[in-house]
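Asks: What follows is a predicted protein model with its sequence.
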Amino acid sequence: MFATRNFQFHVGRSTFDLDAGTMVAQSFVVNKYTLALIVCSLGAAIGSEFLQKILSFGRRSFDPMDMLCNALGSVIGIAFAYYQER
């Protein structure tokens, strides 16, 4: 799906560089696997437990072991994707 390994995010407003004659923006580069680990492990695995508790109005219990298993599954899946792509 993502052909490139790195994503570049621009932060803040762009400024015009008079010497080079181009627009310049502060940016940082993130590896797609690092980004996937953060989003999947923290966002999906841990966030889903909080959402289950909130959206079920307390009918479902908050299970830390389920969070651990979700995060571990995310890490294994991302490691497999990394192995397949290299």
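Replies: Alright, I've got the coordinates.

Asks: going forward, measure contacts and count neighbours with C-alpha atoms only.
Replies: Noted.

Asks: From residue 59, how far out is the residue sitting nearest the centre point of the chain?
Replies: Most central in the chain under CA atoms, centre = their mean is residue 39, positioned 2.7 Å from the mean C-alpha point. Separation of residue 39 from residue 59 (CA to CA, to the nearest Å) stands at 26 Å.

Asks: for the strand or helix carrying residue 67, packing partners?
Replies: Residue 67 belongs to helix 64-85 when assigned by DSSP states H and E. When contacts are defined as 3 or more CA pairs under 8 Å, 6 or more residues apart in numbering; DSSP states H and E, helix 64-85 packs onto helix 32-37.

Asks: just checking, what packs against the helix it packs on?
Replies: helix 64-85.

Asks: what's in contact with the helix it packs on?
Replies: 33, 36, 37, 40, 41, 42, 45, 46, 49 (CA atoms under 8 Å, 6 or more residues apart in numbering).

Asks: Make TSV out of those and add distance to residue 85.
Replies: Output for these, formatted as TSV (distance: CA to CA, whole Å):
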residue	distance to residue 85
33	11
36	14
37	16
40	18
41	20
42	23
45	24
46	27
49	30
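
Asks: Compare those residues and tell me which is most surrounded.
Replies: Looking at the contacts of helix 64-85 with neighbours defined as other CA atoms under 10 Å, the largest count falls to residue 41 at 22 neighbours.

Asks: Quick check, pLDDT for it.
Replies: On pLDDT, residue 41 comes in at 83.

Asks: Name all residues that make contact with it.
Replies: 70, 71, 72, 74, 75.

Asks: Which PyMOL command selects the buried ones in the residues you listed?
Replies: Applying 16 or more other CA atoms under 10 Å to the contacts of residue 41 leaves a buried subset, and the PyMOL line that selects it is:
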select buried, resi 70+71+74+75
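
Asks: Centroid-wise, who is the farthest residue in the chain?
Replies: Most peripheral residue of the chain (CA atoms, centre = their mean): residue 19, 36.2 Å.

Asks: To which secondary structure element type does the residue nearest to the centre of the chain belong?
Replies: Using DSSP: H, G, I helix; E, B strand; the rest coil, the structure places residue 39 in helix.

Asks: Fine by me, we can end here.
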